[in-house]
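Asker: Quick check, what structure comes out for this input:
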Amino acid sequence: MQQFNTTLGKLTLVLSFATGLLSIPAIAQTSAATQQIASQQQACACFNVKVVGKGPAVILIPGLASSGDVWQTTVEALKNDYQLHILTLAGFAGTAPLPASAWTNGYLATQQQAILRYISEQQLQKPVVIGHSLGGYLALALASAASDNISAAINVDGLPALGALFAQNSAAAASSNTATAHTKNNAAKDHKAPQQPAGGFDPMLMAKGMTNNEAWQQRIVADMARSDGMTSGRVMGELMRADLRPQLGNIKVPVLTLGALQNGAPYATPAQVQTNYQTQLANAPTQYHSFAFAADSKHFIMADAPDWLNQQIRQFLQQNAAVDAN
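Answerer: Sure, this is the predicted structure:
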């Protein structure tokens, strides 16, 4: 898991200092519904929303330092049958960050409450919540704490206790490779930074660890550059401290976790990666929670296995989306 730990370290630091402005095409045109939503969200400013399609409601949440545009192929696959509410969270990919006064309860809790408020204000009939990474964490949190407000959730490569997995892997690496740890400690004492790029951490190198798709690597770096560095760093810190595992037993709606088995490759085998997912989500009731795994995908499954991802989502929605009342 050496690569996993290195990537997390890079992610925290790169996102904390990312700057610049780059643009990515929007998923869909702004509609009258979107304009109404923008007005209602102004007081919170917790996220921007685009609404596409008509039918049972589905909320799509991207991950840390990502735009709602990451769901583009999913939107195209579902828009004829579902009303898709595509979020971009505050502080990410050009969206204004939360004001200081909104951080009192932390970013994760604030976003959970904002999504529930949005569901109520828009009078959505038990939407399905689908989230990637950070969005997957939020989907799990809502399924655990607000089963009365949603009909189901899909967690796309998110974890309930990221920091616990980091600590577990760090401990395992330390105990299994004492010599390497000793070498690193000596380097630190000598005030050296072994094998680090001359210009610091490389966002593109990190993006390559998240997807094999070169166009998506560029997109990931662009979204990071458009994100607020302080928001990215603080939210990553919250995710590292968060632990949803005790609450997973409260889930009372169908939840599907989609895992990417190439996370950590080549330092972790697909079997090891799958075991990590299953261990982290062991408290989720088996009558509600299920897994499916993308064998050849890294973290951004929508980049490496979009057809597989959309097939999994469509099958799940056909079984679990609330019937549209309109």
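Asker: any idea of the pLDDT on Ser23?
Answerer: If you check Ser23, the pLDDT there is 27.
Asker: Please renumber the chain so that the first residue is 110 from this point on.
Answerer: I'll keep to 110 as the first residue from here, and by that count the last item is Ser132.
Asker: Number of residues surrounding Gln396?
Answerer: Other residues near Gln396 come to 9 when the count uses other Cβ atoms under 10 Å. Where you see a C-beta, it was placed from the backbone N, CA and C, and this is true even at glycine.
Asker: Check the one 10 residues further on too.
Answerer: Ser406 sits with 25 neighbouring residues when counted by other Cβ under 10 Å.
Asker: Is it in contact with Asp413, as I believe?
Answerer: Yes. Between Ser406 and Asp413 there is a contact under Cβ atoms under 8 Å: 3.8 Å.
Asker: Give me the common contacts of those two.
Answerer: Ala369, Gln371 (Cβ atoms under 8 Å, 6 or more residues apart in numbering).
Asker: Roughly how far does the closest residue to Met319 other than its chain neighbours sit from Gln231?
Answerer: The spatial neighbour of Met319 that comes closest, neighbours along the chain excluded (Cβ to Cβ, 6 or more residues apart in numbering), is His408 at 4.3 Å. Distance of His408 to Gln231, computed by Cβ to Cβ, to the nearest Å: 30 Å.
Asker: again with Asn189
Answerer: In this structure, Asn189 and Gln231 are 20 Å apart, going by Cβ to Cβ.
Asker: where does this protein have low pLDDT?
Answerer: For the chain, the stretches flagged by pLDDT under 70 are 110-153, 278-309, 432-435.
Asker: Show me the residue at the heart of it, geometrically.
Answerer: Nearest to the mean C-alpha position of the chain, counting by Cα atoms, centre = their mean, stands Ser242 at 2.0 Å.
Asker: hang on, that residue packs against Gly267?
Answerer: Yes. Counting by Cβ under 8 Å, Gly267 is a contact partner of Ser242 at 5.4 Å.
Asker: For the two, list the residues in contact with both.
Answerer: With Cβ under 8 Å, 6+ apart, Ser242 and Gly267 have common neighbours Gly172.
Asker: so where do the strands sit in the protein?
Answerer: 156-161, 166-170, 192-198, 237-241, 261-265, 364-369, 398-403 (DSSP state E).
Asker: Mean neighbour count and distance to Ile422 added to these, as JSON lines?
Answerer: Putting those into JSON lines (neighbours: other Cβ atoms under 10 Å; distance: least, Cβ to Cβ, whole Å) gives the following:
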{"stretch": "strand 156-161", "mean neighbour count": "22", "distance to Ile422": "15"}
{"stretch": "strand 166-170", "mean neighbour count": "28", "distance to Ile422": "9"}
{"stretch": "strand 192-198", "mean neighbour count": "26", "distance to Ile422": "11"}
{"stretch": "strand 237-241", "mean neighbour count": "28", "distance to Ile422": "7"}
{"stretch": "strand 261-265", "mean neighbour count": "29", "distance to Ile422": "6"}
{"stretch": "strand 364-369", "mean neighbour count": "26", "distance to Ile422": "8"}
{"stretch": "strand 398-403", "mean neighbour count": "17", "distance to Ile422": "10"}
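Asker: Relative to Arg343, which of those strands is closest?
Answerer: strand 192-198 (12.6 Å; Cβ to Cβ).
Asker: is Gln192 in a bridge, and if so with what?
Answerer: Ala166 (DSSP bridges).
Asker: got the contact list for it?
Answerer: Val160, Val161, Gly162, Lys163, Gly164, Pro165, Ala166, Val167, Asp433.
Asker: And these, which is closest to Gln356?
Answerer: Checking the contacts of Gln192 against Gln356 by Cβ to Cβ gives Val167 as the nearest, at 23.0 Å.
Asker: how far away is the closest one from Val160?
Answerer: 11 Å.
Asker: Overlap in contacts, those two.
Answerer: Contacts common to Val167 and Val160, judged by Cβ under 8 Å, 6+ apart, are Gln192, Leu193, His194.
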